[in-house]
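J.: Need coordinates for the below:
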Amino acid sequence: MRKRSNGEGSIWPRKDGRYGYAAFVPTTGGAVKRVQGSARSQEEARKKLTELLKNSDEGIPVSSENWTVADYLNYWLTHIVRAERRPKTYQGYEGVVRLHLIPGLGKRRLNKLNAQEVRLFITRTRTECQCCKHGWDASRETPVCCALKNGGCCESRLSIRMVQSVHAVLRNALESAVREEIIPRNAAKLVKVPVPKYKVNRGLTVPQSRLVLKAAQEHRLSALYVLALCLGLRRGEFLGLRWVDVDLDGAKLEVVQTLQRVEGRLQFVRPKTNDSERTVPLPSICVEALRAHRKQQFAERSDRWNDWEEHGLVFPSRRGTPMEPDNLRRSWGAIRKAAGLGDMRFHDLRHTCVTLLLNLGVPPQVVRDIVGHSDIEVTMTIYAHVSLDDKRRALGKLGDALD
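T.: Residues are numbered from 1 along each chain as shown. As a prediction, this is how the structure comes out:
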């Protein structure tokens, strides 16, 4: 074996029959260190050494830290996500890391993780039965899956959207590692995952919207449903709205906080994104509804003066405390049933607001600012759709032109 020149690295036979290789290359920390590895054959060692030197020549440094994926994910959650993101976001990321990423990739060296390993992990995550993986069947009184005597599988797999979330959390974590110069590149960005299909055509028509307002007319939250159809606020934004954020004389309100359940307790947190913090003008129908609602709330407070807890909320519980989000969901269930709207979700009222505004010719940028979308593509892609009547009119014009 010829002697290699300085800078070419070296290859040598080991006592165990494998071949070692090594070279001095730049690290992400700016220093130069000796990186070595092993291969089953001299040819394989030559290929690995060539790739190592090629990356060095192309300016791709090696990691200067010897992290495992689990080490870095825990560091990322503690020092980056918890410090910079909302509590609800941290809670969601922590669950993905604990249940999926650490069990699946945690023992891998961070600087050795490659796109193929990420791809195999995503495929395994998408196809693996969660019941079998976590042993849920063992705790059931009547087994339905892998705990059956003859074996079996209930095929309880993650949804496409959840698989996308697992990939997104891994991609975000590795991107932070790249920014902090711990690894040279993000292997997760090289892997594509299936994109969930979002439901469309879930907005209400104007007649259906009127049915909602009629069904809610005598309800203590009737003003909330007026605002939901006119302003498209999110559920947490309604429950976090305070009277100090509402200017009835100036006909406007400020969205500055949202109510969420985080780690088992209700918390007021900042809105979803910077664009979610916004000033929204109030049309006269909303001003009138809020004035009536305030009078009704004064009466409620007088009737329950002995156990009323004042929090200054526009839409509190019957005791003045922050309302449980599930209670609003139950309220909507009764209104929806009375209006004959089937399985429409409360969030579909937000969809309705966006769709009706777009159908009325309101510029998409204005609609985006009203409802607080972070990106106008969300307004146009997820929410905007063409109604069947619009399609019929368009094709009717084409038919008339060809007739």
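
J.: where does the stretch 201-350 of the chain have low pLDDT?
T.: Counting by pLDDT under 70, the stretch 201-350 of the chain contains low-confidence residues at 201-202.

J.: where exactly do the helices run in it?
T.: Secondary structure of the stretch 201-350 of the chain, counting by DSSP state H, counting those that start in this stretch: helices at 206-215, 222-231, 235-240, 284-303, 325-339, 347-359.

J.: likewise the stretch 1-150 of the chain?
T.: 42-57, 69-76, 82-84, 87-96, 102-105, 115-127, 130-134.

J.: Distance to residue 222 and mean pLDDT for the ones you listed - can I get that in JSON lines?
T.: Bear in mind the C-beta positions are built from the backbone N, C-alpha and C, glycine included. Compiled in JSON lines, the helices of the stretch 1-150 of the chain are given as follows (distance: least, Cβ to Cβ, whole Å; pLDDT from 0 to 100):
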{"stretch": "helix 42-57", "distance to residue 222": "64", "mean pLDDT": "90"}
{"stretch": "helix 69-76", "distance to residue 222": "45", "mean pLDDT": "93"}
{"stretch": "helix 82-84", "distance to residue 222": "39", "mean pLDDT": "89"}
{"stretch": "helix 87-96", "distance to residue 222": "28", "mean pLDDT": "92"}
{"stretch": "helix 102-105", "distance to residue 222": "48", "mean pLDDT": "95"}
{"stretch": "helix 115-127", "distance to residue 222": "44", "mean pLDDT": "95"}
{"stretch": "helix 130-134", "distance to residue 222": "42", "mean pLDDT": "75"}
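
J.: of the helices of the stretch 201-350 of the chain, which approaches residue 161 most closely?
T.: In this view, the helices of the stretch 201-350 of the chain are compared for proximity to residue 161 by Cβ to Cβ, and helix 347-359 is the closest at 14.7 Å.

J.: packing partners for that closest one?
T.: Using 3 or more Cβ pairs under 8 Å, 6 or more residues apart in numbering; DSSP states H and E, the elements in contact with helix 347-359 are helix 206-215, helix 222-231, helix 364-371.

J.: for those helices, which one ends up most surrounded?
T.: helix 222-231 (a mean of 23; mean count of other Cβ atoms under 10 Å).

J.: Show residues contacting that one.
T.: Applying Cβ atoms under 8 Å, 6 or more residues apart in numbering, the set of residues contacting helix 222-231 from outside is 204, 209, 212-213, 216, 219, 233, 238, 280, 282-283, 285-286, 289-290, 292-293, 315, 328, 335, 346, 349-350, 352-353, 356, 370-371.

J.: Is it possible to mark the buried ones in the residues you listed?
T.: Neighbour counting over those (16 or more other Cβ atoms under 10 Å) leaves 204, 209, 212-213, 216, 233, 238, 280, 282, 286, 289-290, 293, 315, 328, 335, 346, 349-350, 352-353, 356, 370-371 as the buried ones.

J.: Could you chop this protein up by domain?
T.: Taking automatic domain parsing as the domain assignment, the record places the domains of the chain at 10-57, 69-190, 206-390.

J.: Pipe the helices of the stretch 1-150 of the chain into TSV and attach distance to residue 250 and mean neighbour count per row.
T.: Converted to TSV, the helices of the stretch 1-150 of the chain look like this (distance: least, Cβ to Cβ, whole Å; neighbours: other Cβ atoms under 10 Å):
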stretch	distance to residue 250	mean neighbour count
helix 42-57	60	16
helix 69-76	44	20
helix 82-84	34	11
helix 87-96	31	17
helix 102-105	51	18
helix 115-127	51	16
helix 130-134	51	18
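
J.: which one of these lies closest to residue 302?
T.: Between residue 302 and these, the shortest gap by Cβ to Cβ is with helix 87-96, which sits at 35.2 Å.

J.: what's that closest one packed up against?
T.: Other helices and strands packing on helix 87-96, by 3+ Cβ pairs under 8 Å, 6+ apart, are helix 160-179, strand 258-262, strand 265-269.

J.: Using CSV, write out every CA atom in that helix.
T.: The C-alpha trace of helix 87-96 is given here as CSV (Å, rounded to 0.1, in the frame of the first residue of the first chain):
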residue,chain,number,x,y,z
PRO,A,87,-46.2,26.6,26.0
LYS,A,88,-48.7,24.7,23.8
THR,A,89,-46.0,24.3,21.1
TYR,A,90,-43.5,23.0,23.7
GLN,A,91,-46.1,20.5,24.9
GLY,A,92,-46.7,19.2,21.4
TYR,A,93,-43.0,19.0,20.5
GLU,A,94,-42.1,17.3,23.8
GLY,A,95,-44.7,14.6,23.2
VAL,A,96,-43.4,13.9,19.7
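
J.: quick one: that helix to helix 160-179, angle?
T.: Helix 87-96 and helix 160-179 meet at an angle of 100 degrees, taking axes from the mean of the first three to the mean of the last three Cα atoms, to 10 degrees as the criterion.

J.: Including distance to residue 83, could the helices of the stretch 201-350 of the chain go into TSV?
T.: Output for the helices of the stretch 201-350 of the chain, formatted as TSV (distance: least, Cβ to Cβ, whole Å):
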stretch	distance to residue 83
helix 206-215	42
helix 222-231	32
helix 235-240	22
helix 284-303	37
helix 325-339	26
helix 347-359	30
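
J.: now for those helices, which one comes closest to residue 36?
T.: Evaluated with Cβ to Cβ, the helices of the stretch 201-350 of the chain place helix 235-240 nearest to residue 36, the distance being 53.0 Å.

J.: re the thing from before, using TSV, please lay out the helices of the stretch 1-150 of the chain together with distance to residue 322.
T.: Supplementary listing: those in TSV, determined by distance: least, Cβ to Cβ, whole Å:
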stretch	distance to residue 322
helix 42-57	54
helix 69-76	31
helix 82-84	23
helix 87-96	15
helix 102-105	34
helix 115-127	36
helix 130-134	33
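
J.: Can you say which of the ones you listed is nearest to residue 16?
T.: helix 42-57 (13.2 Å).

J.: Tell me which residues touch residue 38, please.
T.: Per Cβ under 8 Å, 6+ apart, neighbours of residue 38: 14, 18, 19, 20, 21, 45.

J.: nope, residue 364 is what I was after
T.: Residue 364 makes contacts with 358, 376, 379, 380, 384, as judged by Cβ under 8 Å, 6+ apart.

J.: from these, which is closest to residue 79?
T.: residue 376 (33.1 Å).

J.: Next, work out how far apart the residue nearest to the closest one when sequence neighbours are not counted and residue 346 are.
T.: Distances taken as Cβ to Cβ, 6 or more residues apart in numbering place residue 368 nearest to residue 376, at 4.9 Å, with adjacent residues excluded. Taking Cβ to Cβ, to the nearest Å as the measure, residue 368 and residue 346 are separated by 21 Å.
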